[in-house]
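In: sequence plus predicted model, see below.
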Amino acid sequence: RILVLNNYPFQEVWEEIKQGKKPAHHLYGVDVMEREGHEVILVPFRKSQFWMKLSKWISKIPFIEFGDLDQQVSALKMLNQCDVVYSPCQTQTWLLSYLRVIGLVQKPIVSMGHHPFVKGRFPKLRIPFLRWSFAGTDAYPALSEYVANEIRSLCKSTRTKPLFWGPDMRYYAYKPSLGNYVVVSGRTGRDYLTFGKAANQT
């Protein structure tokens with residue numbers, strides 16, 4: 001039984017994928033887990049104004065992350081329903097990982113690293129809290145070698161490796177009449193300017 005937290009509503013995205021409106025890579029394997037026979041439990045997405053406002057206020061602390069408190073408080077109430085916690089987004093399990101280190105959360109946590117962690121104001125002050133979070137996360141695959149190496153260097157652990165996540169190719173049917181084109185693995189309809197700049201520099 002897999003309890004899933006994410007930074008956008010998987011319930012809505014999953015329905016759009018079933019309707020053919022989005023490629024399946026937006027689910028980061030959750031649909032595959034269900035097809036393989038695992039019970040997937042989606043944590044409700046952003047219902048409490050109180051926790052949303054508190055998350056926003058706490059996020060102003062420059063050197064420690066607590067993540068989405070609304071989702072994590074909901075997850076805490078649902079832990080007895082699951083065997084493992086999975087978040088394909090690095091922002092959703094900070095508090096849970098701290099609680100796991102001190103023994104208040106017993107369920108294994110798997111999170112996915114997307115972006116570099118040592119950044120922003122007071123980057124060196126962030127490192128002890130990052131190590132604390134990594135210690136409370138049982139597996140931390142990353143979407144790039146750079147992020148995986150950063151996790152390894154901070155926590156001296158083999159609990160991470162790069163996960164080369166590509167697009168759902170079944171969604172993009174090849175049509176010769178369209179000519180040559182490029183498939184970008186990301187939220188469909190965004191990031192083209194960034195992609196164009198990267199292509200020019202490659």
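Out: All right, it came through fine. Only a predicted model underlies this, so the values are computations on that prediction, with no experimental measurement involved. Residues are numbered from 1 along each chain as shown.
In: before we move on, what SS does V110 have?
Out: With DSSP: H, G, I helix; E, B strand; the rest coil as the basis, V110 sits in strand.
In: now do the contacts for R46.
Out: P9, M52, D68, D70, Q71 (Cβ atoms under 8 Å, 6 or more residues apart in numbering). From N, CA and C alone the C-beta is placed, and that goes for glycine too.
In: contact partners of stretch 91-105?
Out: Contact with stretch 91-105 is made by 5-7, 65-69, 71-72, 75-76, 79, 85, 87, 106-107, 109, 111, 132-137, as judged by Cβ under 8 Å, 6+ apart.
In: buried ones among the contacts of R46?
Out: Among the contacts of R46, those buried by neighbour count (16 or more other Cβ atoms under 10 Å) are D68, D70, Q71.
In: let me see the contact set for the first one.
Out: Neighbour list for D68: L5, N7, R46, S55, T91, Q92 [criterion: Cβ under 8 Å, 6+ apart].
In: and it, how far is that from L27?
Out: In this view, D68 and L27 are 18 Å apart by Cβ to Cβ, to the nearest Å.
In: nearest spatial neighbour of P62, chain-adjacent residues omitted?
Out: With sequence-adjacent residues excluded and distances taken as Cβ to Cβ, 6 or more residues apart in numbering, P62 is closest to R121, at 4.1 Å.
In: re earlier: can you tell me which of the buried ones among the contacts of R46 is closest to G20?
Out: G20 lies nearest to Q71 out of the buried ones among the contacts of R46, by Cβ to Cβ, at 27.7 Å.
In: my read: that closest one touches V4, true?
Out: No - assessed by Cβ atoms under 8 Å, Q71 is found out of contact with V4, at 9.9 Å.
In: which residues do the two both contact?
Out: By Cβ under 8 Å, 6+ apart, Q71 and V4 have these common neighbours: V43.
In: hmm, which of the contacts of R46 is lowest in pLDDT?
Out: In terms of pLDDT, the lowest of those is M52, showing 78.
In: surely L3 forms part of a strand?
Out: Yes - according to three-state DSSP, L3 belongs to a strand.
In: neighbours around it, how many?
Out: Counted by other Cβ atoms under 10 Å, the residues lying close to L3 total 23.
In: that one against S74, yeah?
Out: No - using Cβ under 8 Å, L3 makes no contact with S74, being 9.7 Å away.
In: quick check: neighbours shared by the two?
Out: V43.
In: tell me where the protein has strands.
Out: For the chain, the strands defined by DSSP state E occupy 2-4, 40-42, 84-87, 109-111.
In: let's have these in JSON lines, adding mean pLDDT and distance to A148.
Out: JSON lines is the format used below for those (pLDDT from 0 to 100; distance: least, Cβ to Cβ, whole Å):
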{"stretch": "strand 2-4", "mean pLDDT": "97", "distance to A148": "22"}
{"stretch": "strand 40-42", "mean pLDDT": "95", "distance to A148": "25"}
{"stretch": "strand 84-87", "mean pLDDT": "97", "distance to A148": "17"}
{"stretch": "strand 109-111", "mean pLDDT": "96", "distance to A148": "13"}
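In: thanks a lot, see you next time.
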